[in-house]
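Q: sequence first, predicted coordinates after that:
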Amino acid sequence: MKRVYFPIHPFLLSVYFILYVYAHNVTEIDFVRILPYLFASLGLAVIAVAGSYVLFRDIIKAAILASVLIFLFFSFGHLYDWIDNYYWGTIKIGRRRYVFYFYAILVTGLGFYLYKTRKALTTVTSFLNTLTLLSILICCFQIAVFNVRRADIRDAFDQADHPETSSFITTSPADPPDIYYLIFDGYANGNVLKNMLGYDNEEFLSYLESTGFYVARNSRSNYGQTPLSLSSTLSMDYVNYAEERVGYHTADASLLHHLIRYSKVASYLKNRGYRYYHVGSGYYEPTNYNPNADVFIQAGVTDELAMVLFKTTFFRMFELYYNPITNDQRARILGMFDEIAVLKKSDTPKYVFAHFVSPHPPFIFGPNGEDISNVQMDMFGDVWKNKQAYFDQIIFVNTKIKKMCESILANTNRNVIILLHSDHGSGCLPGQFKPDGPDEIPLLKKENMVERFGNFMAYYFPNQQYDRLYPGITPVNSFRIVFNQFFDDQFELLPDKSYTSDAQIYYKFYDITELAEYGE
């Protein structure tokens, strides 16, 4: 009996590339978020096979060409990044069109060979079927091992006993205020902006104070990275216990994501009759979507995975001409401001959480909100060196914050608390804030620590009684003070410390409080 070699490799390959991206970002992305991309990738495979079949009228040949097209589609951005800075004499090799020409030659050559050959190609088909299937199994194994280990470590987190964050009060005040916790990623405080980076933000800070806000002029973050900073703030506690609970030899940020999603702050307020409004950030998964929220507001369409795929696939070819990720990110941030500003009055008190990935890179707004041409969609590294773009984005964000806060205060039927925080400061100056092991701690420069940990923090209390606040406050004490003052609770304030971590390991902490203090 003749053996049949049915080519399933194009479909397996399309699944593999999505699983590969997920496996390498498993600490940042929930599996359910990749499902639309899996179906889209399978659809791409169907189109590639169908189109190739029209050319060859041979399913074996069509599948081989389709698999090559799929491979080239998903590898375009990787190859471009690899050759980006290569030159042949004075000719820059790292150009999108050269990658395209190279791919076009490969596809044309392969297509011509497949059209002419009379070979059955069953061995090639069997090899590709086996290779793609094994690749998927390896990815699935990596994901499974990670999830088993993550479950064990998460149990250790959940079992941690933190009596210092237990409430003494279980009832709400007679007139509970709406609470807005709004994070502006990478927003440096006034001292850092003016005296270290050369931008005077005094007009905005004075405006906030004139409208009743308290601006913590010498504020400092507890951690220099978003997952650590937000999980600590929302836990009202330091997360250093992770080092002894789970060990520090892990970069598994999903543990911190768990603390953000199922935070003590949200639980505290929901137990007292609050409705939790979560405004999706579009980038950082635990702040993009939260199943624990009562109301989820999504202002954009794309997410962090879309950004990764756009940068690594053939879509990168059109980055300079049309970038849907940039456009959607602009629309999302603008939509977040608008959605918060028009939240309806409610008989139930609101807890509103929103994480704006701005003024942090990518720099997509000019000072008046105008489009920026040739946007560098990177979020880390050299993109921070463009200080003027950072300043321009701050100027625009300031304008939107003003309008949003005015709308919040004008359109409410109850008292309002507004916390305007940043998770950490900026990263414009040369140098590093994360050591690569304990031996590098003495090499950390004070200017880098002050810049990175010098975050922005402003508070609006309905009675403007700010005697519990102080200039050098850190985020870990923010909600302790709010709950003590407005819910008559009795949380003790924690020492204002700052910790940095190894570059590749989240949970190996080093106390750099003195280095991070401004002016000391």
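A: Yes, it's here.
Q: shaky segments in this structure?
A: When residues are selected by pLDDT under 70, those of the chain lie in 1-5, 150-172, 246-251, 300-304, 320-325, 376-378, 503-504, 519-520.
Q: would you map the strands across it?
A: Shown for the chain, the strands assigned by DSSP state E span residues 87-88, 91-92, 178-184, 213-215, 275-279, 295-297, 350-356, 416-421, 457-460, 499-501, 509-511.
Q: nearest to residue 81, of these?
A: Taking CB to CB, strand 91-92 is the member of those nearest to residue 81, at 14.1 Å. Any C-beta I mention is one placed from the backbone N, CA and C, and that applies to glycine too.
Q: pull the distance from that closest one to the chain's centre.
A: Between the centre of strand 91-92 and the centre of its chain there are 34 Å (CA atoms, centre = their mean, to the nearest Å).
Q: that strand pairs with which strands, and in what direction?
A: strand 87-88 (antiparallel) (DSSP bridges).
Q: list the contacts of the strand it pairs with.
A: Residues outside strand 87-88 that contact it (CB atoms under 8 Å, 6 or more residues apart in numbering) are residue 93.
Q: could you report the distance from residue 368 to residue 393?
A: Residue 368 is 11 Å from residue 393, where distance means CB to CB, to the nearest Å.
Q: just want to know which of those two has more residues nearby.
A: The neighbour comparison of residue 368 against residue 393 (other CB atoms under 10 Å) goes to residue 393, with 26 against 9.
Q: now that one. Nearest residue, chain neighbours left out?
A: Among residues not flanking residue 393 along the chain, residue 359 sits closest, at 4.2 Å (CB to CB, 6 or more residues apart in numbering).
Q: kindly report the same for residue 473.
A: Nearest to residue 473 is residue 216, by CB to CB, 6+ apart, at 5.0 Å.
Q: so how far is stretch 305-315 off the chain centroid?
A: Offset of stretch 305-315 from its chain centre (CA atoms, centre = their mean): 15 Å.
Q: got the buried residues for stretch 208-219?
A: 208, 212-219 (16 or more other CB atoms under 10 Å).
Q: start to end distance for that stretch?
A: 15 Å (CA to CA, to the nearest Å).
Q: wait, what's in contact with residue 281?
A: With CB under 8 Å, 6+ apart, residue 281 has these contacts: 287-288, 336, 354-357.
Q: closest to residue 307 among those residues?
A: Among the contacts of residue 281, and counting by CB to CB, the member closest to residue 307 is residue 357, at 10.5 Å.
Q: dump the residue contacts of the closest one.
A: Applying CB under 8 Å, 6+ apart, the residues contacting residue 357 are 185, 281-284, 329, 333, 379.
Q: same question for residue 208.
A: With contact set as CB under 8 Å, 6+ apart, residue 208 has these partners: 215, 420, 458.
Q: do the same with residue 441
A: 435, 510, 512.
Q: and residue 48, how far from residue 7?
A: 12 Å.
Q: walk me through the domains of the protein.
A: Following automatic domain parsing, the chain resolves into domains at 9-148, 179-516.
Q: okay, those domains in CSV with distance to residue 173 next?
A: Putting those into CSV (distance: least, CB to CB, whole Å) gives the following:
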stretch, distance to residue 173
domain 9-148, 36
domain 179-516, 6
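Q: okay, those domains, which one's buried deepest?
A: domain 179-516 (a mean of 19; mean count of other CB atoms under 10 Å).
Q: what's the first-to-last distance across that domain?
A: Domain 179-516 stretches 29 Å from its first residue to its last (CA to CA).
Q: what's the answer for stretch 413-423, then?
A: Note: stretch 413-423 ends 30 Å apart using CA to CA.
Q: start at 50 instead
A: Sure, I'll start counting at 50 from here, so that last one is stretch 462-472.
Q: my read: residue 535 touches residue 224, true?
A: No. If you go by CB atoms under 8 Å, residue 535 and residue 224 don't touch, sitting 9.8 Å apart.
Q: remind me, longest helix of the chain?
A: In the chain, with assignment by DSSP state H, the single longest helix is helix 171-207.
Q: please name the residues that touch residue 421.
A: So residue 421 contacts 412-415, 438 (CB under 8 Å, 6+ apart).
Q: and of those, the nearest to residue 119?
A: Set against residue 119, the nearest of these by CB to CB is residue 413 (30.4 Å).
Q: got a list of what the closest one touches?
A: 375, 378-379, 382, 407, 420-421, 424, 442.
Q: farthest pair in these?
A: Comparing every pair within the contacts of residue 413 by CB to CB identifies 407 and 420 as the most remote, at 14.6 Å.
Q: thought residue 358 was touching residue 85?
A: No. The criterion here is CB under 8 Å, and residue 358 misses it with residue 85 at 11.1 Å.
Q: circling back to that earlier point, would you reformat the strands of the chain as CSV and include distance to residue 112?
A: Formatted as CSV, those follow (distance: least, CB to CB, whole Å):
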stretch, distance to residue 112
strand 136-137, 36
strand 140-141, 36
strand 227-233, 48
strand 262-264, 63
strand 324-328, 44
strand 344-346, 41
strand 399-405, 44
strand 465-470, 53
strand 506-509, 58
strand 548-550, 47
strand 558-560, 52
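Q: quick one: closest of the ones you listed to residue 366.
A: Among the strands of the chain, the nearest to residue 366 by CB to CB is strand 140-141 (16.3 Å).
Q: neighbouring contacts of that closest one?
A: Here strand 140-141 makes contact (CB under 8 Å, 6+ apart) with residue 135.
Q: which residues touch the residue nearest to residue 361 when sequence neighbours are not counted?
A: Leaving aside its sequence neighbours, residue 361 sits nearest to residue 126 (CB to CB, 6+ apart; 3.8 Å). For residue 126, the contacting residues are 359-365, by CB under 8 Å, 6+ apart.
Q: which pair of those spans the longest distance?
A: 360 and 363 (11.2 Å).
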